[in-house]
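Student: got a structure for you, letters missing:
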Ligand SMILES: O=P(O)(O)OC[C@H]1O[C@](O)(CO)[C@@H](O)[C@@H]1O
């Protein structure tokens with residue numbers, strides 16, 4: 001792609017590059033870790049937190065009881081629950097601590113990270129590797145900080161939710177019926 005290509009096209013090309021490097025088996029393994037009636041928690045800081053919220057919302061749409069860590073209505077976790085923890089660097093303190101504490105309780109932890117050798121990956125039962133450039137790294141993207149990771153995670157987790165909805169036979173109409181009707 002030339003330097004004077006549209007910036008939108010350059011970003012889409014970057015995302016395609018990350019998605020092409022992803023292993024869809026990571027998503028299948030995460031799907032298989034989430035059983036039909038599991039409660040699902042999500043965690044992440046900053047923009048990784050936005051992706052976590054987005055995932056928790058979709059899980060609610062397809063019929064799961066889901067929570068965002070740190071919100072006042074988030075209840076205690078128990079063995080057999082699932083925590084999906086997102087951190088591009090894999091070392092953001094709060095996210096790693098959430099994952100480690102949950103694992104000790106017997107919660108199934110799914111890490112979403114760009115760094116397979118990170119503390120977050122080490123604390124997880126399953127890792128969804130999203131090899132997008134994260135904050136503080138040089139090269140690999142024209143975009144600011146971790147935008148490429150954030151965008152790719154959004155697509156990867158929408159794919160995971162689609163896989164789960166197909167397994168559970170939840171239609172788009174059923175998911176739509178669960179969407180907030182006062183907004
Ligand atoms: O995804 P990580 O590495 O845990 O980093 C989270 C932090 O990075 C940012 O997403 C910025 O890149 C912040 O919003 C957030 O505080």
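Tutor: Arrived safely, thanks for sending. From a predicted model like this one, the values you see are computed outputs, not experimental measurements.
Student: all contacts plus neighbour counts: C-alpha atoms, from now on.
Tutor: OK.
Student: helices and strands of this structure: which one bottoms out on pLDDT?
Tutor: helix 172-178 (a mean of 93; mean pLDDT, DSSP states H and E).
Student: ok, residues contacting it?
Tutor: 60, 61, 62, 63 (CA atoms under 8 Å, 6 or more residues apart in numbering).
Student: who's in contact with the second one?
Tutor: Counting by CA under 8 Å, 6+ apart, residue 61 touches 174, 175, 176, 177, 178, 179.
Student: what residue ranges in the chain score low on pLDDT?
Tutor: 1-3 (pLDDT under 70).
Student: so which residues of it form strands?
Tutor: 39-43, 65-68, 82-86, 108-113, 126-129 (DSSP state E).
Student: which parts of stretch 15-22 are buried?
Tutor: 15, 18, 19, 22 (16 or more other CA atoms under 10 Å).
Student: TSV for the contacts of helix 172-178, including distance to residue 166?
Tutor: TSV is the format used below for the contacts of helix 172-178 (distance: CA to CA, whole Å):
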residue	distance to residue 166
60	15
61	13
62	10
63	12
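Student: one step back: output the buried residues of stretch 15-22 as CSV; include the columns distance to residue 161.
Tutor: CSV is the format used below for these (distance: CA to CA, whole Å):
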residue, distance to residue 161
15, 19
18, 19
19, 16
22, 16
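Student: among the residues you listed, which lie within helices?
Tutor: 15, 18, 19 (DSSP state H).
Student: surely the second one meets residue 132?
Tutor: Read that as residue 18. Yes - contact status for residue 18 versus residue 132: in contact at 5.8 Å, counting by CA atoms under 8 Å.
Student: so for the two, which residues contact both of them?
Tutor: Joint contacts of residue 18 and residue 132 (CA under 8 Å, 6+ apart) are residue 152.
Student: which ones are touching residue 74?
Tutor: 67, 68.
Student: and it, backbone torsions?
Tutor: phi -80, psi 120 (degrees, to the nearest 10).
Student: related to what we said a few turns ago, okay, the buried residues of stretch 15-22 in JSON lines with distance to the ligand next?
Tutor: Shown next, in JSON lines, are the buried residues of stretch 15-22 (distance: CA to the nearest ligand atom, whole Å):
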{"residue": "15", "distance to the ligand": "16"}
{"residue": "18", "distance to the ligand": "16"}
{"residue": "19", "distance to the ligand": "17"}
{"residue": "22", "distance to the ligand": "17"}
